[in-house]
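[1] I would like the atomic coordinates for the input below:
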Amino acid sequence: MTEKNTQILGFRIKELRKGKGLRQAELADLLHVSQQTVGAWEIGRRSPSTDTINTLADYFGVTTDYLLGRESKADMVHSMTVDEALGTIMSYDGKPVSDHDKRVMKDLLEAYLRSKGE
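    Model (predicted):
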C-alpha cells in the first residue's frame, strides 16, 4: 500500500470511528488490537491487515473501496438502501438521532416517494 493510500485509510478509519462516537480504545477492543495500533492506523504509520479492513468495512457499513480511498461517500449513497442510509445518521443539528427518529424518517420518506409515483 502506498503512503497516500495508508493516509487515506487512516483518515477514513478515524472519521468513521468518531462518527460512531467511539474512542480509539473502544474500537481497539472490538477488533482485539491495542489502542496504539488503532492510533498508528489513524495517523498512517501502519495499515491494518486485509482481514481487519474487511471487518472495519462490515462494522462501519462501508465498502473496502471506500476505506481504501477508491470511492467517495457520494458514490456509496447510490448503492445504499434507505435503511442503510438512515443507519449512517448519528445526529442532526448537534443532537443524537434515536432509532425511533430513524423509523419516523423512513416512514415519511416512503410516504413521500409513494405519493410522488402516483
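[2] ok, then the element right after the helix or strand of the chain with the lowest mean pLDDT?
    Of all regular secondary-structure elements in the chain, judged by mean pLDDT, DSSP states H and E, the least confident is helix 73-77 with a mean of 57. With elements assigned by DSSP states H and E, the helix or strand that comes after helix 73-77 is helix 82-87.
[3] quick one: that next one to chain centroid distance?
    Here the centre of mass of C-alpha atoms in helix 82-87, compared against the chain's by Cα atoms, centre = their mean, to the nearest Å, lies 12 Å away.
[4] give me the contacts around it.
    Under the criterion Cβ atoms under 8 Å, 6 or more residues apart in numbering, residues 61, 77, 102, 105-106, 109-110 lie in contact with helix 82-87. Where you see a C-beta, it was placed from the backbone N, CA and C, and this is true even at glycine.
[5] try 10 Å
    61-62, 76-77, 80-81, 97, 99, 101-103, 105-106, 109-110, 113 (Cβ atoms under 10 Å, 6 or more residues apart in numbering).
[6] give the buried residues for the helix or strand hosting Ile13.
    In this structure, Ile13 sits in helix 3-19 according to DSSP H and E. Along helix 3-19, the positions that meet the burial threshold by neighbour count (16 or more other Cβ atoms under 10 Å) are 6-10, 12-14, 16-17.
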